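1. Sequence plus predicted model, see below.
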Amino acid sequence: MEDQWRKYFLGLDDNFFEIETANIMPEKVFEASGHISNFVDPVAKCKKCGTFHRADHIMEEFLHESFEGKTAQEMMHIIKKHNIKCPKCKGELGEVSVLNMMFPVQLGVDKETVGYLRPETAQGAYINFLRHFNIMRMKLPLGLAIVGKAFRNEISPRQLLLRQREFTQAELQIFFDPRKLDEHGKWKEIAKYKLLVLADKKITKISCDEAVKKLKLPKFYLYYLAKTQQFFLNVLKIPEGKFRLRRLSDEEKAFYNKVHFDIEIELDEIGFKECGGIHYRTDHDLSGHQKISGQSQEVFYDEKRFLAHVLELSMGIDRIFYALLELNYAEDKDRIMLKLPTPLAPFTVAVFPLVNKDKLPQEATKIYNMLKENFDVVYDEGGSIGKRYYRQDEIGTPFCITIDHQTLKDKTVTLRHRNSTKQSRVKISKLAEEISKLSL
Ligand SMILES: [Zn+2]
């Protein structure tokens, strides 16, 4: 999935690149980014059993609405008003306080020198922007992508991969000239493309052209909103009804995001879950780093000196991975399948000899080695052929090839498709071509 992400998003522009930056960064970086003062979660401790709870989460569970953006005082007020108790022991809840979600780390010997594990990959791209701008021949837009770990001290990690203390993000920071906000060179590609946007509690289709007028969104932003949706629908094959773009209200979104849409996927029992976001962050980040570092972050571009603006495409790999497992899991009587799109399957092809004698394993190994040059292939000779098929179905392998006695006579093999279980005879010389064709 990460490979597909790179291929797709770095392919959107010749001036987009992947970089790798530090996991541990000095306190100053997070002072500049606002994480030291703002990256906090509301916490309430039960007076009876002593358990710490995320105040907004227990309110959400109790009242079934979102409380993002509320202050600790406002939350305390709501808890008192609705008489919300500890979900564990029904005891009374204490005051709501805030806890910074970053993991502090001591740097070197001096206990006073503090750094933090990065709570998002984004800061790495911001503090390295100017260097990359200069290296990459001073062109805008410039895209810097980071795929890597981020760390947050969650009070209660839960729901499998959905809330973790250590998780993987794929983020693309696009630095651009704010004078060009209302245009995009490839606008025509997506002008008629319909976005799936949540409006009036249902998913509404709206073309990018219409979105400019009705939603008052800039073209540069809309281009990437459309491209992100296409990644989810066309590459990851998320079904249309399970995907939506949700615009955050002014209360919900961070103050520095001028436009913020969440990418949401519908999960069983959980409902629509945020799996990423598209954020127009203006010059918030670069101006913050400029102020704290005392170093100008301005660029000279197209006859003007200015701070580049940032459009951030941020995605949570673990959440999307979880959604893919859930959405592609299928049962057909006693057969369990993972109907993953071919580019996402761990293996594209499995190769089996029908029996472990009569030189079939030797012939199968030859074919395995041949296919390995172009595909992710797995070889299996254990158990009945039916069991081997089922094993591959379970891990999502889209194609299985069986070498039998006929292979030795006419140089053909059986090619079996995961979803339909249909089988056909294919010449060994045409195998690679046939699999490539079916993989598209
Ligand atoms: Zn309690």
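-> All right, it came through fine.
2. Going by C-alpha atoms from here, please, whenever you check contacts or count neighbours.
-> OK.
3. Counting neighbours, what do you get for the residue in the stretch 201-350 of the chain that the ion sits nearest to?
-> Proximity to the ion, evaluated over the stretch 201-350 of the chain using Cα to the ion, is greatest for Ile270 at 24.1 Å. Around Ile270 sit 8 other residues, with neighbours defined as other Cα atoms under 10 Å.
4. likewise Glu60?
-> 14.
5. Arg391 too?
-> Burial of Arg391 is recorded as 16 neighbouring residues (other Cα under 10 Å).
6. So for it, what pLDDT did the model give?
-> Reading off the confidence values, Arg391 has pLDDT 97.
7. check which helix or strand covers it.
-> Counting by DSSP states H and E, the element that carries Arg391 is helix 385-395.
8. What residues of stretch 45-60 count as buried?
-> With burial defined by 16 or more other Cα atoms under 10 Å, the residues of stretch 45-60 counted as buried are Lys45, Cys46, Phe52, His53, Arg54, Ala55, Asp56, His57, Ile58, Met59.
9. Can you give me the domain assignment for the protein?
-> Domain segmentation of the chain under automatic domain parsing yields 2-38+103-327, 43-100, 335-439.
10. Least confident of these, on average?
-> Within those, the least confident segment by mean pLDDT turns out to be domain 43-100, at a mean of 90.
11. quick revisit: give me the contact list for the helix holding Arg391.
-> Outside of helix 385-395, the residues within contact range by Cα atoms under 8 Å, 6 or more residues apart in numbering are 335-338, 345-346, 350, 352, 354, 380-382, 398, 400, 418.
12. Can you tell me which of those lies closest to Gly108?
-> Comparing these against Gly108 with Cα to Cα places Pro346 closest, at 40.8 Å.
13. How many neighbouring residues does the closest one have?
-> Residues near Pro346, counting by other Cα under 10 Å: 16.
14. Then Arg163?
-> Here the neighbour count serves as a burial measure; for Arg163 (other Cα under 10 Å) it reads 16.
15. so what's it closest to, chain neighbours aside?
-> The spatially closest residue to Arg163, leaving aside those adjacent along the chain, is Pro157, at 5.1 Å (Cα to Cα, 6 or more residues apart in numbering).
16. I'd like to check which residues are in contact with that neighbour.
-> Residues near Pro157 by Cα under 8 Å, 6+ apart: Arg163, Gln164, Arg165.
17. Same check on Ser314?
-> With contacts taken as Cα under 8 Å, 6+ apart, Ser314 has the following neighbours: Gln169, Ala170, Glu171, Leu172, Gly276, Gly277, Ile278, His279.
18. what does this structure put close to the ion?
-> Cys46, Cys49, Cys86, Cys89, Gly91 (Cα under 5 Å from the ion).
19. now the residues you listed in TSV, with secondary structure?
-> Converted to TSV, the residues of the chain next to the ion look like this (DSSP: H, G, I helix; E, B strand; the rest coil):
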residue	secondary structure
Cys46	strand
Cys49	coil
Cys86	coil
Cys89	coil
Gly91	coil
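20. Could you single out the nearest of the residues you listed to His289?
-> If you rank the residues of the chain next to the ion by distance to His289 using Cα to Cα, Cys46 comes first, at 39.2 Å.
21. neighbours around Ala308, how many?
-> Neighbouring residues of Ala308 were enumerated by other Cα under 10 Å; the total is 28.
22. do you know how far it is from Gln297?
-> Ala308 sits 8 Å away from Gln297, going by Cα to Cα, to the nearest Å.
23. so what sits against both of those two?
-> By Cα under 8 Å, 6+ apart, Ala308 and Gln297 have these common neighbours: Leu286.
24. picking up where we left off before, from the contacts of Ser314, pick the one nearest Phe255.
-> His279 (11.2 Å).
25. ok and the residue in the stretch 151-300 of the chain nearest the ion?
-> The shortest separation between the stretch 151-300 of the chain and the ion is 14.3 Å, found at Ser156 (distances taken as Cα to the ion).
26. Could you grab the helix/strand/coil label for that residue?
-> coil.
27. Tell me, how many residues neighbour it?
-> A count of neighbours around Ser156, defined by other Cα under 10 Å, yields 13.
28. List the buried residues for the helix holding Arg391?
-> The neighbour-count check on helix 385-395 (16+ other Cα under 10 Å) flags Ile385, Arg388, Tyr389, Tyr390, Arg391, Gln392, Asp393, Glu394, Ile395 as buried.
29. Please compute how far it lies from its chain's middle.
-> Relative to its chain's centre, helix 385-395 lies at 29 Å (Cα atoms, centre = their mean, to the nearest Å).
30. now swap in stretch 44-58 and tell me
-> 30 Å.
31. Please apply the same query to stretch 102-117.
-> Average the C-alpha atoms of stretch 102-117, do the same for its chain, and the two points are 29 Å apart (Cα atoms, centre = their mean).
32. Now tell me what touches that stretch from outside.
-> Surrounding stretch 102-117, the residues in contact under the criterion Cα under 8 Å, 6+ apart are Asn23, Ile24, Met25, Pro26, Glu27, Phe39, Arg118, Pro119, Ala150, Phe151, Arg152, Asn153.
33. Mind checking which of these are in strands?
-> With DSSP state E as the criterion, strands contain Ile24, Met25, Pro26, Ala150, Phe151 from among these.
34. Any chance of the residues you listed in CSV with neighbour count and distance to Arg6 as columns?
-> Supplementary listing: the ones in strands among the contacts of stretch 102-117 in CSV, determined by neighbours: other Cα atoms under 10 Å; distance: Cα to Cα, whole Å:
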residue, neighbour count, distance to Arg6
Ile24, 16, 24
Met25, 19, 25
Pro26, 17, 28
Ala150, 21, 18
Phe151, 20, 22
